[in-house]
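> Quick one, structure for this:
(2 chains)
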Amino acid sequence: MSEPGLAAAVTAFLFRESRLLDERRFEEWRDLFTEDGVYWVPARAEQDDPLHEVSIFYDDRAMMAARIRRLRHPRMHAEMPPSRAIRSVTNIEVAAPDAEGVVEVRSVLAMTEFRDGAQTAYHGRVSWRLVPAQEGVFRIRLKRVDLVNAEGMHHGMTVPF
Amino acid sequence: MAQNEIADLVRGDRVHTSVYTDPAIFAQEQERLFGRAWLYLCHESQIGAPGDFVAARLAGVPVIVIRQKHGAIAALVNRCSHRGAAVCQAEAGSAQRFRCPYHGWTYGLDGRLLGVPMRAGYGPAFDLGELGLKPVARLATYRGFVFGSLAAEGPDLAAYLGPMASAIDDMVDRAPDGAVEVAGGVHKHGFHGNWKLQMENLQDYAHPAFAHESSNAAARTDDRPRTELEEDDIMAANAASDFAWMEKAGTAAYPGGHSYIGALPLQQPMPAAAIAEYRQRLAARHGERRVAEILAVQRHVAIVYPTLAFQSALQQIKVIVPVRADYTEVYVHCFRLKGAPPEYHRAAVTFVNTANSPASLILTDDLAIYDRAQRSMTAAPGWVRFGCGLGRDVPDNHGGMQGPGYSELAMRNQFAAWLEYMGNRPAARAA
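Numbers count the residues shown, from 1 in each chain, chains lettered A, B, ... in the order given. Below is the predicted model:
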């Protein structure tokens, strides 16, 4: 794929990924991840170890599935009524693919959430490791969200960023 | 508020909502309760070398806890004697001295005022010796856990902890090298509710079947979609079995507001080889008989009243920081058992994430419920009830009382201690 073609395909993929979350299509969102895919939100800037240091999210596909089952439960108290969110994806930077075609991508995320009567803003830098699935389509091996306030005092978080 | 008015807010099986909502009562708590209790500051492992420091709060007062040049520990109020600025801005770090960023007054690690710019301007009577950073009135350590008190007088730390020193023993004794260290980071969360909501919840086995129903359901591996009716059936079955283990788990409460609840039927995923290696290392230190005793201690959460909670077997503590009547911060620290196989620390990190990350499948429901309880109690004042098990608790072997896991004994015990502090009487009376 040409460089502009790759950038356009990645951009379209990231927009679709954020829309699936905005529309609470969590199962379809999970299906974007590879079998060994990981969704990671560190609890500290520049954290490099999710196994020996706590994280806000550190989900493999099984944990994503449990999280989604809970989001579908009629008595998840933190989601009564279900929250609403809009995610903006900007500042997309696409690195050249490696020998296997794996693409490292960086983007900036702004998410505004309305939950339990209050509006909350989240901002972060997202690092992606995307595996080509077919022409112009990717699967996610890693989505890492570094919140600007990773070390801050947080209220509950119920949905992925 | 006068003593008789305070006393009227706590009755046998109920308390008045104003103890959660009234800012004037919160101000009295800062003075009479948090200002007199021993409160957790940090763990010694966080300040290993001379000059190492961590920031903490003590009854709302910002404090720096500092390792001194010759190994002692000092706790100083983080407020410049000159014009009140904070002399230390970092949460943790290492320093040789503390220089106020405002006008450069400079203090030693022990808080002594070392230098003042333009000193001649203050005249001949100016005495640096009187203007050091104010030390916390009392500082004491129990097996590496550092506590401070703003009160110059009162029971010493050992007397204060009483039988609940066992919460610290329960963690440290599990370390094959005989020591633990803070390792693995910290989770921080805040909620718009009173600190008591958190302390009650930590000793509450009646809530998980309901508050965490969606988490319990999500934990099942079956992906099949369910109807509302099926969920109800399943919930009823879950609740029934929950009540059985809950009763068996038990709860025990001690003078001073401390208590614990027995262990959940919770399995930590741990490779058999790691367990075998761990037991062998522990036995090398303690001998088989003592190891059996150490591992037989089965507690889910133990609390040191008013603001500290231990999950010792899972190597974590929760430090509750009351900020306002309607806002509370919580810090969850992960520990490492020195000498244990690395799997034990990884399991502790996983458990801290599962139970206490801001995105936890469990914690998030508790936080939502605290917020709403605070709003409801503010808008609709009245009484809240803690009568479950009242009159059916029996004495235990350590000077406390015990009951079934679903008993609200621990909450009644917290309010008995609360009344002791707030009513200005000695704190060390039986529950």
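
> mind exporting the longest helix seen in chain A as CSV, just the C-alpha atoms?
In chain A, taking DSSP state H as the definition, the longest helix is helix A:3-22. The C-alpha trace of helix A:3-22 is given here as CSV (Å, rounded to 0.1, in the frame of the first residue of the first chain):
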residue,chain,number,x,y,z
GLU,A,3,2.1,5.8,2.1
PRO,A,4,-0.9,8.1,1.5
GLY,A,5,-3.1,5.0,1.0
LEU,A,6,-1.8,3.5,4.3
ALA,A,7,-2.4,6.7,6.2
ALA,A,8,-5.9,7.0,4.8
ALA,A,9,-6.7,3.3,5.7
VAL,A,10,-5.4,3.7,9.2
THR,A,11,-7.3,7.0,9.7
ALA,A,12,-10.6,5.3,8.5
PHE,A,13,-9.9,2.3,10.9
LEU,A,14,-9.3,4.6,13.9
PHE,A,15,-12.5,6.5,13.2
ARG,A,16,-14.5,3.3,12.9
GLU,A,17,-12.9,2.0,16.2
SER,A,18,-14.0,5.2,18.1
ARG,A,19,-17.4,5.1,16.5
LEU,A,20,-18.0,1.5,17.7
LEU,A,21,-17.3,2.7,21.2
ASP,A,22,-19.4,5.8,20.9
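
> just checking, what packs against that helix?
Applying 3 or more CB pairs under 8 Å, 6 or more residues apart in numbering or on different chains; DSSP states H and E, one finds that helix A:3-22 makes contact with helix A:26-30, strand A:84-94, strand A:103-115, strand A:118-134, strand A:137-147. All C-beta spots, glycine's among them, are computed from the backbone N, C-alpha and C.

> Quick one: those as TSV, columns for distance to chain B too.
Output for the helices and strands packed on helix A:3-22, formatted as TSV (distance: least, CB to the nearest CB, whole Å):
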stretch	distance to chain B
helix A:26-30	9
strand A:84-94	14
strand A:103-115	9
strand A:118-134	9
strand A:137-147	10
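
> which residues touch the longest helix of chain A?
For helix A:3-22, the surrounding residues in contact (CB atoms under 8 Å, 6 or more residues apart in numbering or on different chains) are A:1, A:26, A:28-29, A:32, A:85-89, A:92, A:94, A:96-97, A:103, A:105, A:107, A:109, A:128, A:130, A:136-138, A:140, A:159-161.

> hmm, back to that, from the helices and strands packed on helix A:3-22, which stretch is densest packed?
By mean neighbour count, with neighbours taken as mean count of other CB atoms under 10 Å in any protein chain shown, strand A:137-147 ranks first of those at a mean of 20.

> coming back round to it: quick one, the longest helix of chain A and strand A:103-115 angle?
If you take axes from the mean of the first three to the mean of the last three CA atoms, to 10 degrees, helix A:3-22 sits at 30 degrees to strand A:103-115.

> where does chain B have low pLDDT?
Filtered on pLDDT under 70, chain B yields the residue ranges B:220-243, B:265-268, B:424-431.

> before we move on, back to that, what's the average pLDDT for the longest helix of chain A?
Mean per-residue pLDDT for helix A:3-22: 95.

> of all the helices and strands packed on helix A:3-22, which lies closest to B:I25?
Distance to B:I25, taken as CB to CB, is lowest for strand A:118-134 among the helices and strands packed on helix A:3-22, at 25.7 Å.

> What helices and strands are in contact with that closest one?
Applying 3+ CB pairs under 8 Å, 6+ apart, one finds that strand A:118-134 contacts helix A:3-22, strand A:103-115, strand A:137-147.

> ok, B:G12 touching B:L390?
Yes - using CB atoms under 8 Å, B:G12 is in contact with B:L390, at 6.7 Å.

> Please identify every residue contacting each of those two.
In contact with both B:G12 and B:L390: B:R412, using CB under 8 Å, 6+ apart.

> and the two? which has more neighbours close in?
The residue with more neighbours, out of B:G12 and B:L390, is B:L390; 15 against 10, by other CB atoms under 10 Å in any protein chain shown.
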